[in-house]
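Participant: sequence-free structure coming up:
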């Protein structure tokens, strides 16, 4: 069974946020961090992984991504704060 991930990247603490979904979190975040992905994250320097959650199915991950994208900014910040109160870059954590 495959895993899918919903993730949030930030430019800095309380900075610009990006919500995405992927089946390969490590590879996708690496691509964002190294500006291999054209668009929003490259333009605004959104490279810090501050939140992620795992979903068992693709459809569930896509629904969750859409849900979070529709949230008010304050709710997204609260989600990050609950999961990662220090706003650490979690990329190193997923490398292990």
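Facilitator: In hand now; what should we look at? These numbers were taken from a predicted model, which means no experiment stands behind them. Numbers count the residues shown, from 1 in each chain.
Participant: now the end-to-end length of stretch 46-60.
Facilitator: Length of stretch 46-60, first residue to last, Cα to Cα, to the nearest Å: 25 Å.
Participant: Counting by contacts, list what the longest helix belonging to the chain packs against.
Facilitator: Longest helix in the chain by number of residues (criterion: DSSP state H): helix 58-70. In terms of contacts (3 or more Cβ pairs under 8 Å, 6 or more residues apart in numbering; DSSP states H and E), helix 58-70 is packed against strand 4-10, strand 17-22, strand 48-55. Any C-beta I mention is one placed from the backbone N, CA and C, and that applies to glycine too.
Participant: Sort out which residues of the longest one are buried, please.
Facilitator: Right, the one you point to is strand 48-55. Neighbour-count burial for strand 48-55 flags 48, 49, 50, 51, 52, 55 (criterion: 16 or more other Cβ atoms under 10 Å).
Participant: I'd like the distance from it to the chain centre, please.
Facilitator: Strand 48-55 sits 5 Å away from the centroid of its parent chain (Cα atoms, centre = their mean, to the nearest Å).
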